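Visitor: Quick one, what's the 3D model for this:
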Amino acid sequence: GFVVGHAGLYQALAMFAVAYFIIGMTVLSVCAIATNGALDAGGAYYMISRALGPEFGGSIGIMFFLANVCGSALYVLGLVEAVVDSFGIPPGQKTGSGVHVLPQSYWYELLYGTVLLALCLLVCLVGASIYAKATFLIFLIVAGVLGTILVSFFATRPIGVPIRLPHFNGSETENGSFTGFSLATLRDNLGGGYAVDYTTGQMMSFSSVFAVMFNGCTGIMAGSNMSGDLKRPSYSIPRGTISAVLFTYLVYNLLAFLMCATCNRTLLQKDYGFLRDISIFPPLVTVGIYAATLSAAMSNLIGASRILYALARDDLFGRALALAKKTSASGNPVMAVILSWLVVQLVLFSGKLNTIAGVVTTFFLLVYATVNLACLALEWASAPNFRPTFRYFTWHTCLLGIAGCCVMMFLISPVSASASLGFLLLLLLALHYLSPSSTWGYISQALIFHQVRKYLLMLDVRKDHVKFWRPQMLLMVQNPRSSARLIDFVNDLKKSGLYVLGHVELQDLDTLPSDPLQPQQDSWLSLVDKLNVKAFVSLTLAPSVRHGVRQLLFTSGLGGMRPNTLVLGFYDDSVPQDGLAQHPSFTSAREEVPLGFPPLREPTAPKLLSAREYVGIVADALKMLRNVLLARQLESLDKAWELRRAASPPPTIHVWPVNLLRPDSARYADTCSLFLLQMACVLNMARAWRRARLRLFLCVEAGAMPHAQEEKLRQLLKDLRIQAQIQLVPWDAVTCLHWQTRQGPPGGPAPTGAVREEEEEEEEAVNFPANATQVSDEYVSAANKLVLEQSPAPAVRFLYLPRPPANTSLYPLYLHQLELLTRGLGPTVLVHGVSAVTSTQL
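Guide: Next up, the predicted model:
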């Protein structure tokens, strides 16, 4: 009567259609989730938490608990309103007559509500079985009353109904009328006629009427809230919920039409209890109203208690809900029932039914939207284990349900909707940071997998372009205890590219009972988390380190995301130090160092890798067209101190883009030099290194026009958009040692700084002779001294890494000269690039 009196028949039918469309979509989602495995206590909360994870589940669980609590209070207030209408002393009179004996005031109505709520509490305390019997009895009563009402519309003759309304100076009387079936009455009631609600004194509108009406449709979760008490929830919930929705939709539409065709608007708007006046047996209507509202109040109270119990049992809120875990001997969560009853009692203080209707509706709509979201996420994730026996839903129905809920939330009450979403967001953040991790499985992981797979298939290596090149690193780590700072450094070098930590375990699977790498995986993943690096972990078994690195270079990555750069620690005789315990990630947060890693090698123990095998790994990577970085003394790099010290000038990065082991072919524009420049620039672009300054060293000889070379290099840097300071370094004293060793300069050496076509340079690099035979230790030591003399001392140095000699017997000599070249330089990275990585194009 309230709905059609204010909204008219057309808008009332539209309200029912919209409400039941939203509800229908949600019911399909509920049925799908309910038939996809065993359900436990908690209903919608259980469904959402097991689908979307503890953050969403816990926050929506609290929202749904509050929705049920407010809903229970709403129905109790509705019942109080009906009782006062029937038995209350009329306004303006001090004493009543006949059955009108109940005093009317805020405190008296609060008392009546408290008594009725205590009755609901008693039923819920006894347990679910008595509640089920009580609700079935109530269902029979309501069905009987509905039958008599439908008969009354046809059997009752037209009558006038006097209506007493409260007024500021007492009360006034208006006359409503029951006209029987009348075309004129129907026409008058077709359109909207919003007026002041006589119970609250507020002007009604479409949204406020819809908010009150929607509460008559929120019982769709009553069955699923009892999921823990049902014998076969997966069977009962879909059948019971769908039949209930269809039945109530038909009844509401039929009643709306019959009321509009037989009652004038005054009667509908001014007397919400008019059905008693037109019934063939008025007391039965009163009983029906009491039964329906009592049933709804009990349903919401027991639903709220089951949600609270499920939340407490899942330990999402720790000790805050510990009390709600306690159950009776029969398994009834009595403490959860009592706590829910207390919260409902507090809500009763709000007093008026239509005041809290908007808040309740917003909460329910938010829960329904999340149920649809859970089903949508499960459907989109395409997980093989999501195969509900109820198949009458698609992702379209879920999406429509979400959209409908969100639109109606903001139409009903923008303020309530915004406040609810804000509250939900706060709960989400609190649970994300404070709640313990769960073992339920996270839908986010399934969705991420689905999307990543799709986009990896779209990532076509044939469409790669040098403009969009980025470093994709494979860092080989023997023991993380001695490599923590190197792992951190390479994380700064990757520039949003792929980063893989590789490790080779020297064992033979044929002689082992099981895979020894599986137990290690968690330790490595924990290390990645603690160091806060964005890296994957790839472990392998191999008979030798070289074979293992080959395996990882061939197999690491997926699709278009494969390592293009191999990073190795330097091979020397230094004793490995445990830098993990001193790393800021473990010292600042009082974290324990992961125990899954073995202790470091003793100084006297033999190495797992020979010098020849180490150089062979470098040669293998270059043959596979991978760039190579060798990092020496990176564990001595204290990045935090170097980059945050306030001293002026800022820390520097020294770049030597010339092959110091091949002084007769020094040039600055070959592929390897440009790659070295790019890596130094990438490091400088990392957030932690932005204060640092690049310093580029140009080695010049007397009479070689140094200023022309400097200008050419400056133009190259400008074209590449690299900001660096160029410093000229005379190196005649160094190169003369080289010529003395070779007994005079050869005929026609390439002049220093000459620039050739990149194809010719790369060809020369591929056919590079055994360079280790061309320079003496004396020359290499002089080159090392030249590099060391450049002050101030940098945070890190980038040096050109020559290609290993073709003759494998010269590998140890090659490594020896690399060691001489980098001795005492501090943190140094030797770089050899084989791919074009710089672009001057837009």
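
Visitor: Quick one: name whatever helix or strand follows the least confident helix or strand in the chain by mean pLDDT.
Guide: Here the helix or strand of the chain ranked lowest by mean pLDDT, DSSP states H and E is helix 758-766, holding a mean of 39. Next in sequence after helix 758-766, counting helices and strands by DSSP states H and E, comes helix 777-789.

Visitor: Report pLDDT for Val796.
Guide: Listed pLDDT for Val796 reads 91.

Visitor: next one: Trp395
Guide: For Trp395, pLDDT reads 88.

Visitor: For it, list the residues it contacts.
Guide: Taking C-beta atoms under 8 Å, 6 or more residues apart in numbering as the contact definition, Trp395 lies against 376, 379-380. For glycine as for every other residue, the C-beta is placed from the backbone atoms N, C-alpha and C.

Visitor: Quick check: the gap between Arg239 and Val80.
Guide: Distance, Arg239 to Val80, using C-beta to C-beta, to the nearest Å: 34 Å.

Visitor: These two: who's more crowded?
Guide: The neighbour comparison of Arg239 against Val80 (other C-beta atoms under 10 Å) goes to Val80, with 26 against 12.

Visitor: Average pLDDT for the helix or strand hosting the more buried one, rounded please.
Guide: For Val80, the host element (DSSP H and E) is helix 54-87. Helix 54-87 carries an average pLDDT of 83.

Visitor: now do stretch 549-566
Guide: 90.

Visitor: first to last residue in it, what's the distance?
Guide: 9 Å (C-alpha to C-alpha, to the nearest Å).

Visitor: do the same with stretch 196-215
Guide: Its first and final residues considered, stretch 196-215 spans 20 Å by C-alpha to C-alpha.

Visitor: List the buried residues for it?
Guide: Neighbour-count burial for stretch 196-215 flags 197, 204, 206, 208-215 (criterion: 16 or more other C-beta atoms under 10 Å).

Visitor: Check stretch 133-145 too.
Guide: Neighbour-count burial for stretch 133-145, counted by 16+ other C-beta under 10 Å, picks out 134-135, 138, 141-142, 145.

Visitor: Give the full set of residues in contact with the residue nearest to Ala446 when sequence neighbours are not counted.
Guide: Take Ala446 and drop its neighbours on the chain: the residue closest to it by C-beta to C-beta, 6 or more residues apart in numbering is Ala381, 3.6 Å away. Each residue near Ala381 by C-beta under 8 Å, 6+ apart is listed here: 443, 446-447, 449-450.

Visitor: Go again with 6 Å.
Guide: Listed by C-beta atoms under 6 Å, 6 or more residues apart in numbering, the contact partners of Ala381 are 446-447, 450.

Visitor: Out of the contacts of Trp395, list just those in helices.
Guide: 376, 379-380 (DSSP state H).

Visitor: Neighbour-wise, which one of those leads?
Guide: Leu376 (22 neighbours).

Visitor: quick one: Met298 is in a strand?
Guide: No - per DSSP: H, G, I helix; E, B strand; the rest coil, Met298 lies outside any strand segment and is helix.

Visitor: Skipping adjacent residues, who's closest to it in space?
Guide: Excluding the flanking residues, the one nearest Met298 by C-beta to C-beta, 6+ apart is Cys120, at 4.7 Å.

Visitor: what helices or strands is the helix or strand where the one you found lies leaning on?
Guide: Applying DSSP H and E as the criterion places Cys120 in helix 106-126. Using 3 or more C-beta pairs under 6 Å, 6 or more residues apart in numbering; DSSP states H and E, the elements in contact with helix 106-126 are helix 54-87, helix 282-313, helix 334-347.

Visitor: okay, the angle between it and helix 54-87?
Guide: Put simply, helix 106-126 runs at 120 degrees to helix 54-87, going by axes from the mean of the first three to the mean of the last three C-alpha atoms, to 10 degrees.

Visitor: Check which residues of helix 106-126 are buried.
Guide: By neighbour count with 16+ other C-beta under 10 Å, helix 106-126 contains the buried residues 109-110, 112-113, 116-117, 120-121, 123-126.

Visitor: CA atoms of that helix as PDB?
Guide: Output of helix 106-126 as PDB, limited to C-alpha atoms (Å, rounded to 0.1, in the frame of the first residue of the first chain):
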ATOM      1  CA  TYR A 106       9.300   6.900  21.700                       C
ATOM      2  CA  TRP A 107      10.200   5.100  24.900                       C
ATOM      3  CA  TYR A 108       7.100   2.900  25.000                       C
ATOM      4  CA  GLU A 109       7.700   1.900  21.400                       C
ATOM      5  CA  LEU A 110      11.300   1.100  22.200                       C
ATOM      6  CA  LEU A 111      10.000  -1.100  25.100                       C
ATOM      7  CA  TYR A 112       7.600  -3.000  22.800                       C
ATOM      8  CA  GLY A 113      10.500  -3.500  20.300                       C
ATOM      9  CA  THR A 114      12.800  -4.800  23.100                       C
ATOM     10  CA  VAL A 115      10.100  -7.300  24.200                       C
ATOM     11  CA  LEU A 116       9.500  -8.500  20.600                       C
ATOM     12  CA  LEU A 117      13.300  -8.800  20.000                       C
ATOM     13  CA  ALA A 118      13.700 -10.800  23.100                       C
ATOM     14  CA  LEU A 119      11.100 -13.300  21.700                       C
ATOM     15  CA  CYS A 120      13.200 -13.600  18.500                       C
ATOM     16  CA  LEU A 121      16.300 -14.100  20.700                       C
ATOM     17  CA  LEU A 122      14.700 -17.000  22.600                       C
ATOM     18  CA  VAL A 123      13.800 -18.800  19.400                       C
ATOM     19  CA  CYS A 124      17.300 -18.300  17.900                       C
ATOM     20  CA  LEU A 125      18.900 -19.400  21.200                       C
ATOM     21  CA  VAL A 126      17.000 -22.700  21.100                       C
END
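
Visitor: Contacts for it next, please.
Guide: By C-beta under 6 Å, 6+ apart, helix 106-126 touches 76, 79-80, 131, 134, 297-298, 301-302, 334, 337, 341, 348, 351.

Visitor: Now for those residues: which two are most distant?
Guide: Put simply, by C-beta to C-beta the two of those set farthest apart are Val334 and Gly351, 28.8 Å from each other.

Visitor: With neighbour numbers in mind, choose between the two.
Guide: More crowded of Val334 and Gly351, by other C-beta under 10 Å: Val334, with 18 against 15.

Visitor: Is it correct that Leu255 falls within a helix?
Guide: Yes - looking at Leu255 with three-state DSSP, it is inside a helix.

Visitor: chain center to stretch 297-311: distance?
Guide: Counting by C-alpha atoms, centre = their mean, to the nearest Å, stretch 297-311 is centred 28 Å from the centre of its parent chain.

Visitor: Oh, that last question was meant for stretch 491-498, not what I typed.
Guide: Stretch 491-498 has its C-alpha centroid displaced from the chain centroid by 23 Å (C-alpha atoms, centre = their mean).

Visitor: And it, end to end?
Guide: End-to-end distance for stretch 491-498, by C-alpha to C-alpha: 10 Å.

Visitor: got it, and stretch 157-175?
Guide: End-to-end span of stretch 157-175 (C-alpha to C-alpha): 16 Å.

Visitor: Could I get the average pLDDT for that stretch?
Guide: Mean pLDDT, stretch 157-175: 68.

Visitor: Tell me the spacing between Val787 and Gly826.
Guide: Spatial separation of Val787 from Gly826 under the definition C-beta to C-beta is 10 Å.

Visitor: quick one: which of those two has more around it?
Guide: Val787 (20 against 17).

Visitor: On the pLDDT front, check the more buried one for me.
Guide: 90.

Visitor: who touches it in this structure?
Guide: By C-beta under 6 Å, 6+ apart, no residues touch Val787.
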